[in-house]
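**Student:** Prediction below, plus the sequence it came from.
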Amino acid sequence: MVSIDWQPSASLSRLKERADFLRDIRHFFAKREIMEVDTPLLCFGVATDPGLQAFAVNVSAQKPSFRYLQTSPEYAMKRLVAAGSGPIYYLGKAFRAEEVGRKHNPEFTMLEWYRPAWDHLALIAEVDELMQELLGTLPAQVVTYADLFLHYFNIQPHLAELSQLQAAAIAKQWVAATDLPELDKDGWLDLLMSHGIEPYLGQERPLVVTDYPASQASLAKTRMIEQTVPFQVAERFEFYFKGIELANGYHELCCAKEQAARFEEDLTKRKAFGLAELPIDHYLLAALQEGFPPCAGVALGVDRLLMLKVNEKDIAKVLPFAWAGA
């Protein structure tokens with residue numbers, strides 16, 4: 001008889017810590033009178049971001065009819081906010097079709113919340129409060145995306161030419177000058193960020209990166225930075241601690257027309273990259289069209305946060321059943 005490892009990937013003591021951790025998260029929001037919501041996991045629409053890949057599920061036995069496991073509860077939650085829900089949070093599963101690794105499991109637990117009438121700066125402060133309460137961290141340091149690139153590469157990322165970004169990667173021997181990958185500007189920025197900046201972020205205290213390039217705004221508002229050569233930035237932030245990306249937040253875009261244009265731009269990029277074509281979520285666009293209040297929102301990876309709390313290096317060690325044994 002073939003021996004099968006049926007045991008949980010995390011120890012029972014870790015799973016008790018996980019249960020306590022989820023309880024503490026809910027307590028944080030209960031104290032602030034923020035309502036917990038459930039949203040559908042299988043939907044007609046899904047995030048079109050070229051950097052996110054979704055699982056498609058055929059929901060009909062008669063003919064192909066697909067819905068998508070959600071990479072985030074964002075779209076449904078925004079519909080609730082547009083309907084007048086007030087501040088809300090979600091604590092549950094999300095799915096991304098990505099490689100399995102020490103920090104990645106295709107099925108994972110996400111905490112996401114929305115604060116009507118807030119901007120991203122107010123929400124940064126609340127995420128920092130959550131981190132301090134759950135992990136006992138020092139107050140977070142806030143830096144801009146440009147600050148980081150100027151510090152690590154002496155490059156102004158918002159104004160840099162493609163050749164400057166390529167030269168920086170070649171100098172670090174991350175790519176060969178004779179065999180450059182076919183990347184657009186955002187691709188090169190991501191390469192420099194992931195290889196030369198992210199591993200060093202938030203080593204002593206959480207670090208918040210703000211003012212991303214406007215081309216990486218996704219569902220965030222943008223604003224103009226007025227200087228000799230003006231440029232736009234996205235009112236978006238990411239939290240890092242111990243070199244791990246934990247949270248991604250926006251001062252949310254409220255304009256349906258602009259959001260539709262960004263979705264179409266995403267689909268154009270997906271086609272160019274040879275990625276699966278995905279349906280646009282017209283329910284979200286209709287909600288934005290009806291009237292979406294000024295709002296800030298953030299998504300946070302709970303499993304990664306728990307890894308940091310209990311000092312585990314592998315996400316499998318904080319999950320009841322990791323991908324390989326699920």
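**Tutor:** Great, that's in hand.
**Student:** When you work out contacts or count neighbours from here on, use the C-alpha atoms and nothing else.
**Tutor:** Noted.
**Student:** contacting residues for the most centrally placed residue in the chain?
**Tutor:** With distances taken as C-alpha atoms, centre = their mean, the residue of the chain nearest its centroid is N248 (4.4 Å). Applying C-alpha atoms under 8 Å, 6 or more residues apart in numbering, we find N248 in contact with 236-239, 298-300.
**Student:** Now compare these and name the two farthest from each other.
**Tutor:** Spatially, the most separated pair among the contacts of N248 is R236 and L300, at 13.7 Å (C-alpha to C-alpha).
**Student:** okay, these two: which has more neighbours?
**Tutor:** Counted by other C-alpha atoms under 10 Å, R236 and L300 do not tie: R236 has more neighbours, with 30 against 21.
**Student:** which stretch of helix or strand covers that one?
**Tutor:** Following DSSP states H and E, one finds R236 within strand 231-241.
**Student:** For that strand, list every residue counted as buried.
**Tutor:** Using 16 or more other C-alpha atoms under 10 Å as the test for burial, strand 231-241 gives 232-241.
**Student:** from those, which is closest to C254?
**Tutor:** E235 (12.7 Å).
**Student:** if I look at the residue nearest to the centre of the chain, how far off is A296?
**Tutor:** Distance, N248 to A296, using C-alpha to C-alpha, to the nearest Å: 11 Å.
**Student:** now do H120
**Tutor:** H120 is 5 Å from A296, by C-alpha to C-alpha.
**Student:** Looking at those two, which is more packed in?
**Tutor:** Using other C-alpha under 10 Å as the criterion, H120 and A296 rank with A296 on top: 27 against 23.
**Student:** ok, the spatially closest residue to that one that is not a sequence neighbour - contacts?
**Tutor:** Excluding the flanking residues, the one nearest A296 by C-alpha to C-alpha, 6 or more residues apart in numbering is H251, at 4.5 Å. For H251, the contact set (C-alpha under 8 Å, 6+ apart) comprises 118-120, 220-221, 235-236, 295-297.
**Student:** What of H120?
**Tutor:** 235-237, 249-251, 296-297.
**Student:** Columns distance to D281 and pLDDT on top of these, output as JSON lines?
**Tutor:** Conversion of the contacts of H120 to JSON lines gives the following (distance: C-alpha to C-alpha, whole Å; pLDDT from 0 to 100):
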{"residue": "E235", "distance to D281": "22", "pLDDT": "98"}
{"residue": "R236", "distance to D281": "21", "pLDDT": "98"}
{"residue": "F237", "distance to D281": "24", "pLDDT": "98"}
{"residue": "G249", "distance to D281": "20", "pLDDT": "98"}
{"residue": "Y250", "distance to D281": "19", "pLDDT": "98"}
{"residue": "H251", "distance to D281": "20", "pLDDT": "98"}
{"residue": "A296", "distance to D281": "20", "pLDDT": "98"}
{"residue": "G297", "distance to D281": "18", "pLDDT": "99"}
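**Student:** in the chain, what spans have low per-residue confidence?
**Tutor:** For the chain, no stretch has pLDDT under 70.
**Student:** How much space separates the residue lying farthest from the centre of it from Q62?
**Tutor:** In terms of distance from the mean C-alpha position of the chain, M1 ranks first, at 43.7 Å (C-alpha atoms, centre = their mean). Plainly put, M1 is 38 Å away from Q62 if you go by C-alpha to C-alpha.
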